[in-house]
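**Q** dropping a prediction and its sequence here:
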Amino acid sequence: MGTDNQDGSGGQDTDRYESVCFVCGRPESKAGRMLRLNKDNSLCICVDCMQNGITSMGGMQGMQDLEINFPDMLAGMNLNHLEDMRMPERNRVKHSAKKEPEKFDRKKIPAPHKIKEQLDEYVIGQEFAKKVISVAVYNHYKRVRTSSMNDIEIDKSNILMIGPTGCGKTYLVQTLARLLDVPLAITDATSLTEAGYIGDDIESVVSKLLLAADNDVERAQEGIIFIDEIDKIAKKRNTTSRDVSGESVQQGLLKLLEGSEVEVPVGATSKNAMVPQVTVNTRNILFICGGAFPELEKVVKARLTKSSSIGFGADLKDRYEDDENILAKTTIEDLRSFGMIPEFLGRLPVLVVLEGLSKEMLVRILKEPKNAILEQYRKLLALDEVDLRFDDDAIEAIAERAAEKKTGARALRGVIEEFMLDIMYEIPKDPGIGSVTVTRAYIEGKGSPLIGMRTFPVLPE
């Protein structure tokens, strides 16, 4: 009687299928180590069943008193009748293929134009932002795999994203990490505080990345960290108390952005004596910081209208009042006036400004992406065998109502949920409904959706 080898050797059958205990019927993935009962390894018994058998016979001491020799006993037994107890092949469990985690390969990173083409399938608009991010990410991972070229070290290019709420900052980063298959940690700067105060330590952003990489330090050291709401750590104005969640956090992030070795806990976000710690080098981690920077447009307008003049060619004070993309004219000086320290901005050399979403862009967001919102609701009703349709006028009405809320693409789902509530509630009541068409009158509360009934075939008498 032998034991199962670690590599599954011992017969062609054991290479394809897991060994199964002929007593309890459990495969080796559940029962554990198996003991072989015959030469061709076709009959096995798990350790638990063997132990139960030994216990029922009085334990090992009792078996020694009986002077039982397992090899001689098995050699004298006729085990052919046990062949019928083998599990049918269709019910047997195949060995699960153990895939080694693929190492990150720079050669597999697509070119910038390929990255942008993939982002176009999910993110509508923001052409300049997608181009800048595609180039920055491509150059970053070239730098990761080529640490030096002729003794010339390549510096890291972290990214600062500025844009109004709901314009797609977080969604752009999530899509990018999914396409590149790299670990991504998304954290919020509002909870970060200086070490020693209530809140998350600054190193917790690295702990979240390590958790996203399944505690694989090497994989985490080539990941992406997205720090959202970065504008919330701007310097507080007109305050006499210590700014533990503003300027102090910016200063604490300096070493992470530039690259340093940080000790972080494994499986936790706060350091504890009971939690093991590992050292993570942030030199090859790409940091992307994003924020809405509310009232930054006032700072930009004040700078643009700072010089005053008179005459027919003078600039008017209200010249930029109706400019929806005023943030596109943001400079580093504007960010310093907003409250960001120059050392922090110097470690974010790539500045990306996202556009505000117009009604036309909201219409495209409803229809064009792979996982468009309207397609999601069509799929929901298709599970009830109901065809959901939207008129073009209805789609424009949805975009108009969402634009009034001033919360970007996030407002679309809220608008749709409002008028889809009655449809999702009433449709399952009547199995005869086959189609529903949403019109502009229904969205504006002036009518009802168009209902189409199913046509059942007439059976011959």
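**A** Structure received.
**Q** how about the strands in the stretch 51-200 of the chain?
**A** 148-149, 152-153, 159-162, 184-188 (DSSP state E, counting those that start in this stretch).
**Q** can you tell which of the ones you listed is closest to residue 418?
**A** When those are ranked by distance to residue 418, counting by Cβ to Cβ, first place goes to strand 184-188 at 27.8 Å. All C-beta spots, glycine's among them, are computed from the backbone N, C-alpha and C.
**Q** what separates whichever helix in the chain runs longest from the chain centre, distance-wise?
**A** Among the elements of the chain assigned as helix by DSSP state H, the one spanning the most residues is helix 127-145. For helix 127-145, the separation from the chain centroid amounts to 19 Å (computed by Cα atoms, centre = their mean, to the nearest Å).
**Q** what's in contact with it?
**A** By Cβ atoms under 8 Å, 6 or more residues apart in numbering, the list of residues contacting helix 127-145 from outside reads 104, 106, 109-113, 115-116, 119-120, 123, 154, 156-157, 159, 161, 163, 172, 176, 180, 222, 284, 286, 350, 352-355.
**Q** on that earlier part again, and among the strands of the stretch 51-200 of the chain, the most buried is which?
**A** A comparison of these by mean neighbour count, using mean count of other Cβ atoms under 10 Å, puts strand 159-162 on top with a mean of 25.
**Q** which strands or helices does it pack on?
**A** Under the contact criterion of 3 or more Cβ pairs under 8 Å, 6 or more residues apart in numbering; DSSP states H and E, strand 159-162 touches helix 127-145, strand 286-291, strand 350-353.
**Q** give the partner strands of that strand in its sheet and their orientations.
**A** strand 286-291 (parallel), strand 350-353 (parallel) (DSSP bridges).
**Q** okay if I get these as CSV plus distance to residue 369?
**A** Rendered in CSV, the data for the strands paired with strand 159-162 read as follows (distance: least, Cβ to Cβ, whole Å):
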stretch, distance to residue 369
strand 286-291, 20
strand 350-353, 20
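**Q** residue 412 is nearest to which of those strands?
**A** Across the strands paired with strand 159-162, closest to residue 412 is strand 286-291 (Cβ to Cβ), at 20.0 Å.
**Q** now the closest one: average pLDDT?
**A** Strand 286-291 shows a mean pLDDT of 92 in the predicted model.
**Q** which residues does the helix or strand just after that strand contact?
**A** Reading on from strand 286-291 to the C-terminus, the next helix or strand found by DSSP states H and E is helix 296-304. For helix 296-304, contacts defined as Cβ under 8 Å, 6+ apart pick out 162, 231, 319-321, 326-327, 329-331, 333-335, 337-338.
**Q** hmm, back to that, need the buried ones from the contacts of helix 127-145 selected in PyMOL.
**A** For the buried members of those, the matching PyMOL selection, counting by 16 or more other Cβ atoms under 10 Å, is:
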select buried, resi 104+109+112+115+116+119+123+156+157+159+161+163+172+176+180+222+284+286+350+352+353+354+355
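**Q** of the contacts of helix 127-145, which belong to helices?
**A** Taking DSSP H, the ones among the contacts of helix 127-145 that sit in helices are 112, 113, 115, 116, 119, 120, 172, 176, 180.
**Q** need the max-distance pair from the residues you listed.
**A** In terms of Cβ to Cβ, the ones in helices among the contacts of helix 127-145 reach their longest pairwise distance at 113 and 172, which sit 16.6 Å apart.
**Q** and residue 357, what does it touch?
**A** Applying Cβ under 8 Å, 6+ apart to residue 357 gives the contacts 125, 164, 166, 167, 365, 403, 408, 409.
**Q** what's the closest non-adjacent residue to the first one?
**A** Spelled out, that is residue 125. Ranked by Cβ to Cβ, 6 or more residues apart in numbering and with sequence neighbours excluded, the top spatial neighbour of residue 125 is residue 361, at 4.8 Å.
**Q** quick one: contacts for the one you found?
**A** The neighbourhood of residue 361, defined by Cβ under 8 Å, 6+ apart, consists of 124, 125, 355.
**Q** how close does it sit to residue 349?
**A** 28 Å (Cβ to Cβ, to the nearest Å).
**Q** going through the contacts of helix 296-304, which ones are buried?
**A** Among those, those that count as buried by neighbour count (16+ other Cβ under 10 Å) are 162, 231, 320, 326, 327, 330, 334, 335, 338.
**Q** out of the residues you listed, list just those in strands.
**A** Within these, membership in strands is found for residue 162, as judged by DSSP state E.
**Q** which one in the buried ones among the contacts of helix 296-304 is the model shakiest on?
**A** Note: of the buried ones among the contacts of helix 296-304, the lowest pLDDT belongs to residue 320, at 66.
**Q** and among the helices and strands packed on strand 159-162, the most buried is which?
**A** Sorting the helices and strands packed on strand 159-162 by mean neighbours (by mean count of other Cβ under 10 Å), the first place falls to strand 286-291, with a mean of 25.
**Q** give me the contacts around that strand.
**A** If you take Cβ under 8 Å, 6+ apart as the criterion, strand 286-291 is touched by 137, 140, 156, 158-163, 169-170, 173, 189, 223-232, 256-257, 348.
**Q** angle of it against helix 127-145?
**A** 150 degrees (axes from the mean of the first three to the mean of the last three Cα atoms, to 10 degrees).
**Q** now strand 286-291, how far from the chain's geometric center?
**A** Strand 286-291 sits 15 Å away from the centroid of its parent chain (Cα atoms, centre = their mean).
**Q** thinking again about what came up before, any chance of TSV for the ones in helices among the contacts of helix 127-145, columns distance to residue 436 and pLDDT?
**A** Compiled in TSV, the ones in helices among the contacts of helix 127-145 are given as follows (distance: Cβ to Cβ, whole Å; pLDDT from 0 to 100):
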residue	distance to residue 436	pLDDT
112	43	89
113	41	90
115	39	89
116	37	91
119	33	89
120	31	88
172	33	89
176	36	85
180	39	80
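**Q** and which of those is nearest residue 386?
**A** Comparing every one of these with residue 386 (Cβ to Cβ), the shortest separation belongs to residue 120, at 31.2 Å.
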